[in-house]
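J.: take this sequence and fold it.
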Amino acid sequence: MNAIQLYAKHLIKEKAHAEICADVKEQALRELQRLEDGKAEAFGVEFHLTTKVTTKYAKDIADILKDLKAQEEQQKKLAKESAKYREKRTPTFDASIPKSTEETILAGVPDYRKHFGIK
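T.: Sure thing, here's the model as predicted:
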């Protein structure tokens with residue numbers, strides 16, 4: 001059970017640091033936008049601006065794509081019904097912190113307490 005305890009300890013720290021990064025992300029983005037070339041480096045971590053593109057198609061094209069997706073799902077269903085598929089199963093696990101105790105558990109991480117002003 002030593003590995004489970006070690007995993008839990010690091011999962012808590014990872015979640016706490018993810019919350020801190022999410023809180024600081026907008027500020028970091030603004031700082032990068034102010035830089036001439038949109039690039040920076042801090043503590044060996046390189047930052048650069050990127051552009052996220054979200055595509056929205058015209059209604060007629062969207063309908064065609066929706067129909068193709070339905071056809072794909074139908075083909076998958078037929079393959080399963082006729083047993084023309086293979087499944088590869090790999091053991092894994094999920095670990096999460098219950099929402100009801102998340103704040104209390106994350107408050108145990110010193111960086112989290114310091115960043116969010118928790119005493």
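J.: quick one: furthest residue from the center of this protein?
T.: Ranked by distance from the centre of the chain (C-alpha atoms, centre = their mean), the top residue is residue 82, with 35.8 Å.
J.: where does that residue land on pLDDT?
T.: We have a pLDDT of 95 for residue 82.
J.: by contact count, what packs against the one helix or strand residue 32 maps to?
T.: If you go by DSSP states H and E, residue 32 is part of helix 2-34. Other elements packing on helix 2-34 under the criterion 3 or more C-beta pairs under 8 Å, 6 or more residues apart in numbering; DSSP states H and E are strand 39-42, strand 45-48, helix 99-106, helix 110-116. (Glycine included, C-beta is placed from N, CA and C.)
J.: ok, 7 Å please
T.: helix 99-106, helix 110-116 (3 or more C-beta pairs under 7 Å, 6 or more residues apart in numbering; DSSP states H and E).
J.: out of those, nearest to residue 28?
T.: Nearest to residue 28, of all the helices and strands packed on helix 2-34, is helix 110-116, at 13.7 Å by C-beta to C-beta.
J.: list the buried ones in the closest one?
T.: Across helix 110-116, burial judged by 16 or more other C-beta atoms under 10 Å covers residue 112.
J.: which strands or helices does it pack on?
T.: Looks like helix 110-116 contacts helix 2-34 (3+ C-beta pairs under 7 Å, 6+ apart).
J.: angle of the helix it packs on against helix 99-106?
T.: 80 degrees (axes from the mean of the first three to the mean of the last three C-alpha atoms, to 10 degrees).
J.: report the buried residues of helix 2-34.
T.: Neighbour-count burial for helix 2-34 [16+ other C-beta under 10 Å]: 12, 13, 15, 16, 19, 20, 32.
J.: many thanks, have a good one.
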